[in-house]
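> Starting from these lines, generate the structure:
(one chain, ligands or ions: 1)
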Amino acid sequence: MINKTMQDAINDQINRELYSSYLYLSMAAYFEDKNLSGFAHWMRVQEAEERQHAMKFYDFIVERGGKVTLKAIDAPKTEWKSTLEVAEEVVAHEAFITASIYTLYETALKEKDYPAQIMLQWFISEQVEEEKNAAEVVANLKLIEERGTAVLVLDHQLAKRAAG
Ligand code: OFO
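Alright, predicted model coming up:
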């Protein structure tokens, strides 16, 4: 059975994952409004992944005989200055999530919660991928300095990204 310290920490992480989902959905809405459907698609894929992350944590608590407690999700930002600013915010947010996963892992070590350590290893690997993907978009955007047609080429490329 999961102990209270670990349960509370994971419940907080569920909230962070759901906030991530909400933030990325807000970014998708920003891009839809700018008619950048490829970027919007990228954010929709990210948004769905974050809900899956939240559910992985949710299921883990349930499987370990604990109680999921949902908390209020903060309202996300709705406006950004540019496409680059959004992408940079995704990178910063993923770095924040990575730090929170590491803190959870440290708690799992301290609490000698071995199943939580195994479960969190999946997230540690996933974060490497998430940070890399977001950093690539920032690098591409910087490269083309947001010049009209080049942004559209990148938009087209992102539109092909498969879910999962
Ligand atoms: Fe984007 O990361 Fe969740 O965990």
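> Show the average pLDDT along the helix or strand encompassing residue 128.
Using DSSP states H and E, residue 128 maps to helix 114-144. In this model, helix 114-144 has a mean pLDDT of 93.
> Show me what it packs onto, helices and strands only.
If you count contacts as 3 or more C-beta pairs under 8 Å, 6 or more residues apart in numbering; DSSP states H and E, helix 114-144 packs onto helix 37-63, helix 83-110, helix 148-159. Backbone N, C-alpha and C define where each C-beta goes, glycine included.
> what about 10 Å?
Using 3 or more C-beta pairs under 10 Å, 6 or more residues apart in numbering; DSSP states H and E, the elements in contact with helix 114-144 are helix 4-33, helix 37-63, helix 83-110, helix 148-159.
> average pLDDT across the first one?
Taken as a whole, helix 4-33 carries a mean pLDDT of 98.
> Would you mind writing the CA trace of stretch 37-47 as PDB?
Extracted as PDB, the C-alpha positions of stretch 37-47 are listed here (Å, rounded to 0.1, in the frame of the first residue of the first chain):
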ATOM      1  CA  SER A  37      -2.900  24.600 -37.700                       C
ATOM      2  CA  GLY A  38       0.300  22.600 -37.700                       C
ATOM      3  CA  PHE A  39       1.500  24.300 -34.500                       C
ATOM      4  CA  ALA A  40      -2.000  23.800 -33.000                       C
ATOM      5  CA  HIS A  41      -1.800  20.100 -33.900                       C
ATOM      6  CA  TRP A  42       1.500  19.900 -32.100                       C
ATOM      7  CA  MET A  43       0.000  21.400 -29.000                       C
ATOM      8  CA  ARG A  44      -3.100  19.200 -29.200                       C
ATOM      9  CA  VAL A  45      -0.800  16.100 -29.300                       C
ATOM     10  CA  GLN A  46       1.100  17.400 -26.300                       C
ATOM     11  CA  GLU A  47      -2.100  18.200 -24.500                       C
END
